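> Structure for this input, please:
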Amino acid sequence: MSDDAVQSYANHARWLPPWHFFVVPVLLANVIIRIVELVRTPGLPSAWEAIVAVALLTGLVCARWMPLRVQDRVVCLEETLRLERLLPGRSQDVERLSRGQLIGIRFASDAEVPHLVERILGGELASRNDVKRAVQHWRPDHGRV
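Sure, this is the predicted structure:
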């Protein structure tokens, strides 16, 4: 998605075609092929190839997962600061929000944040996706990993 495209709940997921449609499928196929080969011809070489295939896939998935966790932490910090600015004197309410709720609320416009926080604290919006679905005026985030 280009940075000037209108973003919404329906299209905000970020797909990186080389990663999602080439690297991951090739490495997953390699794991399957190596395991099938190990079953067909058991032995140290085929076992080692299967182990290396699983390790390679695991390593690359972790290499993707780690920056996403860092991104989540940064988003939580940004949203906590934003909520403290938009909801002065309500830091205890802000602290009650979960990581998923903070991540979901980042897409909400400043004007609708107070109402969304009330709905979250009232138990109406529990998950990240619940919050994102409730956003009426989407604030795009094109800088995600």
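> what residue ranges in this structure score low on pLDDT?
The model of the chain has pLDDT under 70 over residues 1-5.
> Now do the helices in it.
Secondary structure of the chain by DSSP state H: the helices cover 17-18, 24-40, 44-86, 91-95, 99-105, 113-121, 128-134.
> Name the residues that touch stretch 51-65?
19, 23-24, 27-28, 30-31, 33-35 (C-beta atoms under 8 Å, 6 or more residues apart in numbering). C-betas here are computed from N, CA, C, even on glycine.
> Grab the most central residue of this structure for me.
residue 68 (6.1 Å; C-alpha atoms, centre = their mean).
> What sits closest to that one if chain neighbours are left out?
Distance criterion C-beta to C-beta, 6 or more residues apart in numbering; nearest residue to residue 68, sequence neighbours excluded, is residue 145 at 6.0 Å.
> Quick check: that neighbour vs residue 85, distance?
25 Å (C-beta to C-beta, to the nearest Å).
> do residue 93 as well
14 Å.
> before we move on, what about residue 132?
Distance, residue 132 to residue 85, by C-beta to C-beta: 21 Å.
> Could I get the helices of the chain in TSV, plus columns for distance to residue 6?
Output for these, formatted as TSV (distance: least, C-beta to C-beta, whole Å):
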stretch	distance to residue 6
helix 17-18	21
helix 24-40	28
helix 44-86	21
helix 91-95	29
helix 99-105	19
helix 113-121	20
helix 128-134	15
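> Please identify the most buried of those helices.
For those, the largest average neighbour count (mean count of other C-beta atoms under 10 Å) is found in helix 99-105, namely a mean of 21.
> helices and strands around it, which ones?
helix 44-86, helix 113-121, helix 128-134 (3 or more C-beta pairs under 8 Å, 6 or more residues apart in numbering; DSSP states H and E).
> how many neighbours does residue 123 have?
Other residues within reach of residue 123, judged by other C-beta atoms under 10 Å, total 7.
> And residue 138, by the same measure?
Neighbour count for residue 138, taken as other C-beta under 10 Å: 18.
> need the contact list for it.
Residue 138 neighbours (C-beta under 8 Å, 6+ apart): 6-9, 12, 107-109.
> Can you add distance to residue 100 and give the helices and strands packed on helix 99-105 back as JSON lines?
As requested, these are arranged in JSON lines below (distance: least, C-beta to C-beta, whole Å):
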{"stretch": "helix 44-86", "distance to residue 100": "9"}
{"stretch": "helix 113-121", "distance to residue 100": "10"}
{"stretch": "helix 128-134", "distance to residue 100": "4"}
